[in-house]
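Participant: no sequence for this one, just the structure:
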DNA sequence: TTCATGATGAGCCATTAGGCTAAATATCAC
DNA sequence: GTGATATTTAGCCTAATGGCTCATCATGAA
């Protein structure tokens, strides 16, 4: 899931898709890359759940999937939560120590 | 940056470090992995800015870096923002169309 | 039908990732 | 100074990544 975000091409594709669906060819245009290479990125984005694709005629249309964004967010969110909880504990500890010092 | 999150070992290390600093050996203990292998993960986490390390005597202590979390958040945040802006536009568009229909 | 176009399949290649072992280094504790 | 402890270096191995070309397939347009 994060692996998909590790590549700049794929992040750019997601950036583009956030604005709305697009065909493979359309998505590929900005990149100096052979189509088969580009397709690997598309497939990987689909397999990792970041996008969904549907083929009508000879055109395959890609749509971003909100769900993955939520999943990635969740991990970072948990991370932030623990970090902040710890920070809070530290702050309380420091506060207590200071109080104690003042009383002495 | 996201590449560092792509590996479960490294995510686990970050999970652990969110609770507070730890030495390399301490961090490595839960993993069935040779130390040199583990060190590669540590180095990668450091190079990608997720952690900072400092060596005193023979012990290297690792600390999580808040900054990276913020950076990762930023990307996802931007992504969400565009997505939601677009959703809003679509909702407005739908609303307008419905109004128009009702008037007809 | 024939041709152009959008997407794919197959397979090659160089680099990187992620694991290992064996040996070296640097402290710390006696 | 000897031995145990905590890393670290060097180098090897396999599989996966990310790129390429060339050949194919399927569909839309003339």
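Facilitator: Good, I have the coordinates. Please read these numbers as outputs of a predicted model, since none were measured by experiment. Residues are numbered from 1 along each chain as shown, chains lettered A, B, ... in the order given.

Participant: which bits of chain A sit near chain B?
Facilitator: A:2-3, A:5-6, A:11, A:14-15, A:18-20, A:64, A:66, A:69, A:72-73, A:75-76, A:79-80, A:82-83, A:86 (CB under 8 Å from any CB of the partner chain). From N, CA and C alone the C-beta is placed, and that goes for glycine too.

Participant: how about the helices of chain A, start to end?
Facilitator: Here chain A has its helices, by DSSP state H, at A:2-5, A:8-18, A:24-28, A:35-47, A:66-103.

Participant: out of those helices, nearest to DNA strand D?
Facilitator: Across the helices of chain A, DNA strand D has its closest neighbour in helix A:35-47 (3.3 Å, CB to the nearest atom of the strand).

Participant: so how many other residues sit close to whichever residue of chain A sits closest to DNA strand C?
Facilitator: Nearest residue of chain A to DNA strand C: residue A:25, at 2.4 Å (CB to the nearest atom of the strand). Using other CB atoms under 10 Å in any protein chain shown, the number of residues around residue A:25 comes to 12.

Participant: contact partners for it?
Facilitator: A:35, A:59 (CB atoms under 8 Å, 6 or more residues apart in numbering or on different chains).

Participant: give me the pLDDT value at residue A:68.
Facilitator: For residue A:68, the pLDDT comes out at 88.

Participant: I should have written residue A:87 there, sorry.
Facilitator: Looking at residue A:87, its pLDDT reads 68.

Participant: again with residue A:94
Facilitator: So residue A:94 comes in at 63 (pLDDT).

Participant: follow-up on the earlier one: ok, of the residues of chain A next to chain B, which come out buried?
Facilitator: Neighbour counting by 16 or more other CB atoms under 10 Å in any protein chain shown classes A:2, A:5, A:11, A:14, A:18, A:64, A:69, A:72-73, A:75-76, A:79-80, A:82-83 among these as buried.

Participant: buried sites along stretch A:48-56?
Facilitator: By neighbour count on 16+ other CB under 10 Å, the buried set for stretch A:48-56 is A:48, A:50-51.

Participant: quick one on the thing from earlier: now, which of the residues of chain A next to chain B lie close to DNA strand D?
Facilitator: For DNA strand D, the contacts drawn from those by CB under 7 Å from any atom of the strand are A:3, A:6.

Participant: out of the buried residues of stretch A:48-56, which is nearest to residue B:43?
Facilitator: residue A:48 (25.8 Å; CB to CB).

Participant: contacts only, for the nearest residue to that closest one once chain neighbours are set aside.
Facilitator: Excluding its sequence neighbours, the residue lying closest to residue A:48 (CB to CB, 6 or more residues apart in numbering or on different chains) is residue A:4, at 4.2 Å. Neighbouring residues of residue A:4 by CB under 8 Å, 6+ apart: A:10, A:44-45, A:48, A:50.
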